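Student: Need a 3D model of the sequence below.
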Amino acid sequence: MRKLALHWQILIAIVLAAIVGSIVKHFTTETFAPGWLGVSFVSVFEFIGAIFLNALKMIIVPLITSSIVVGVAGIGSGGNIGALGIRTLLFYAVTTLAAILIGLIAINVMTPGYVDGRPAGDILSLEAPANDISERIEGRGAGDVVELFKRLVPPNIVMAAAEGQMLGLIFFSILFGYFMTTLSHDYADPLFKFWNGVFNVMMHMTEFIMKFAPIGVFALIAAVIAETGFAAARPLANFALAVLAALLLHSLITLPLLLRFIGRVKPFATMRAMSPALLTAFSTSSSSATLPVTMDTVEEKVGVSNQVSSFVLPLGATVNMNGTALYECAAAMFLAQAYGLELSFGVQFTIVTIALVTSIGVAGVPSASLVAIAIILAAVGLPVEAIGVLLVFDRVLDMCRTSVNVWGDACCATIIARLRGEKTNVAIDAR
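Tutor: Got it, this is the predicted structure:
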């Protein structure tokens, strides 16, 4: 019997959570509150949801560290650091930053975290007192930006990992991965195999945890609906629309403009050629799983050489996450609005910076960006537990942002190939 795809399992879980949550809410408002062995159903839902969120937080340190070490070491091996590597990394940094800024603007303009001019925290059942959060964020501005760069170099890397100071861990991982490439093969090869093994184990652990996503989503959504009813759907739907609008702006305007004026290719002809890979990315929500299709499509239909695609695309599947970075920033801003917080320029700059850095280490598997969102929330003083409300539309948005990730990789490969003088099938002067 064919196994039901994960996204269908999650969608079914959301529907069941809506039904069960509404039933529990109905009886809770009547003469008695239903429960099991003296414990209310809401408490049971919250317990299961907390276990799922803890499992996501548990894998943050090893997943981010191993991913970045392997990615950086892969760039430096085989003489790849050169003009090709510099151009590729520059393109990825510029487009990711552009995506983040678009997401930031979309959330600031559309303000999905407010309903009828009031913060949606109560509607979303976000329990942390807003005053406590305000105290943690109050005063964060230009000085906090300086503090952000200070945290890049922690005095104790183990303590930094234990305290969740991921920026220092990311910086250490980048340095470690780079200096691995300066060693002789006798020393470098065992280290690379070790970290690559850790990375693959963490990928499997992430996939394993995500198998329980339908249960976690059911519990989290059922608890919210049991406490607030369906009113929570409105701000979440507004947030989803804001993210989709930002993703469309980036994929249909920013990237095509770069293709047209820098790569000198036909943007929408390139998009049509890439449609098999984009549809695969949309259905699997995994840029890593889509990589073979992406490479085949870029080489066969777009006309990029294997020399370029074999370097640019695997690297992009690791470090180039335009859609993911956009979503991370938008999610943090949305939750801040829901708590009724007015974030200063300094705090927003911090969110942009962390989203740019953490997107490098996001695994190319479904919903892995939730791990990076947890890092951003902790860094700016917001409760990590708040990401639970994002799970309602996360799967659909994950499918969309993964497609944008793959589209960004393909655009980079095409532009780099054109800058190297290659003749592609989608060039403006092609016949």
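
Student: Residue 335 is in contact with residue 382, correct?
Tutor: Yes - between residue 382 and residue 335 there is a contact under Cβ atoms under 8 Å: 5.8 Å. For the C-beta atoms, the positions are set from N, CA and C on the backbone; glycine is no exception.

Student: Compute the number of surrounding residues for the nearest residue to residue 411 once chain neighbours are set aside.
Tutor: Excluding the flanking residues, the one nearest residue 411 by Cβ to Cβ, 6 or more residues apart in numbering is residue 255, at 4.8 Å. Per other Cβ atoms under 10 Å, the neighbour tally for residue 255 reads 24.

Student: Report the contact partners of residue 255.
Tutor: 95, 267, 322, 407, 408, 411 (Cβ atoms under 8 Å, 6 or more residues apart in numbering).

Student: measure the third one to residue 70 for me?
Tutor: Residue 322 sits at a distance of 21 Å from residue 70 (criterion: Cβ to Cβ, to the nearest Å).

Student: And for the last one?
Tutor: In this structure, residue 411 and residue 70 are separated by 24 Å, where distance is defined by Cβ to Cβ.

Student: any idea where the strands of the protein begin and end?
Tutor: 35-36, 39-40, 114-115, 118-119 (DSSP state E).

Student: Pick out the shakiest of those, pLDDT-wise.
Tutor: Lowest mean pLDDT of the strands of the chain: strand 35-36, a mean of 53.

Student: Just the endpoints, please. Distance across stretch 418-427?
Tutor: Its start and end residues considered, stretch 418-427 measures 8 Å (Cα to Cα, to the nearest Å).

Student: which other residues reach it?
Tutor: 84, 87, 262-266, 269-270, 273, 301-305, 308, 414, 417, 430.

Student: Can you select the buried ones among those residues for me in PyMOL?
Tutor: Only the buried entries of the contacts of stretch 418-427 go into this PyMOL selection, using 16 or more other Cβ atoms under 10 Å:
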select buried, resi 84+87+263+265+266+269+270+273+301+302+303+304+308+414+417
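
Student: out of the contacts of stretch 418-427, which are inside helices?
Tutor: 84, 87, 269, 270, 273, 308, 414, 417 (DSSP state H).

Student: wait, which of those residues is closest to residue 372?
Tutor: Ranked by distance to residue 372 (Cβ to Cβ), those are led by residue 87 at 25.4 Å.

Student: ok now do that closest one, which residues does it touch?
Tutor: 416, 419.

Student: same deal with the one 10 residues further on?
Tutor: Residues touching residue 97, when contacts are defined by Cβ under 8 Å, 6+ apart, comprise 352, 356.

Student: Residue 256 contacts residue 265, correct?
Tutor: No - contact criterion Cβ under 8 Å: residue 256 and residue 265 do not qualify, at 9.7 Å.

Student: thinking again about what came up before, mind picking the two most distant members of the ones in helices among the contacts of stretch 418-427?
Tutor: Of all the pairs that these form, the one spanning the most space (Cβ to Cβ) is 84 and 269, at 24.3 Å.

Student: Pick the one among the contacts of residue 255 closest to residue 49.
Tutor: residue 322 (29.7 Å).

Student: what ranges do the helices span in the stretch 51-200 of the chain?
Tutor: Ranges of helices within the stretch 51-200 of the chain are 60-76, 83-110, 130-137, 142-150, 157-162, 166-180, 185-211, based on DSSP state H, counting those that start in this stretch.

Student: would you turn those helices into CSV with distance to residue 225 and mean pLDDT?
Tutor: Formatted as CSV, the helices of the stretch 51-200 of the chain follow (distance: least, Cβ to Cβ, whole Å; pLDDT from 0 to 100):
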stretch, distance to residue 225, mean pLDDT
helix 60-76, 28, 73
helix 83-110, 24, 88
helix 130-137, 22, 54
helix 142-150, 36, 56
helix 157-162, 36, 80
helix 166-180, 32, 79
helix 185-211, 22, 84
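
Student: closest to residue 251 out of those helices?
Tutor: helix 83-110 (9.1 Å).

Student: Show me what counts as buried in that closest one.
Tutor: Of all the residues in helix 83-110, those buried under the rule 16+ other Cβ under 10 Å are 84-85, 87-89, 91-92, 95-104, 106-107, 110.

Student: Distance from it to the middle of the chain?
Tutor: 14 Å (Cα atoms, centre = their mean, to the nearest Å).

Student: for stretch 171-190, same thing?
Tutor: For stretch 171-190 - counting by Cα atoms, centre = their mean - the centre lies 26 Å from the chain centre.

Student: Buried residues of that stretch, list them for me.
Tutor: Under 16+ other Cβ under 10 Å, the buried positions of stretch 171-190 are 171, 172, 173, 174, 176, 177, 180, 181, 188.

Student: List the residues that contact the fourth one.
Tutor: Right, residue 174. Counting by Cβ under 8 Å, 6+ apart, residue 174 has contacts 68, 72.

Student: where's it relative to residue 386, distance?
Tutor: 29 Å.

Student: Check the first one too.
Tutor: The spacing between residue 171 and residue 386, counted by Cβ to Cβ, is 26 Å.

Student: Over to residue 375?
Tutor: Counting by Cβ to Cβ - residue 375 and residue 386 are separated by 13 Å.

Student: ok, now residue 16?
Tutor: 23 Å.

Student: These two: who's more crowded?
Tutor: Taking neighbours as other Cβ under 10 Å, residue 16 and residue 386 compare with residue 386 leading, 25 against 15.

Student: Leaving out chain neighbours, which residue sits closest to the more buried one?
Tutor: Going by Cβ to Cβ, 6+ apart, residue 386 has residue 335 as its nearest residue, at 4.9 Å.

Student: what residues are up against the one you found?
Tutor: 113, 126, 377, 382, 386, 387, 389, 390.

Student: thinking again about what came up before, between residue 411 and residue 70, point out the one with more neighbours.
Tutor: Using other Cβ under 10 Å, the more surrounded residue of residue 411 and residue 70 is residue 411, with 29 against 22.

Student: Retrieve the pLDDT associated with that one.
Tutor: Taking residue 411 on its own, its pLDDT is 94.
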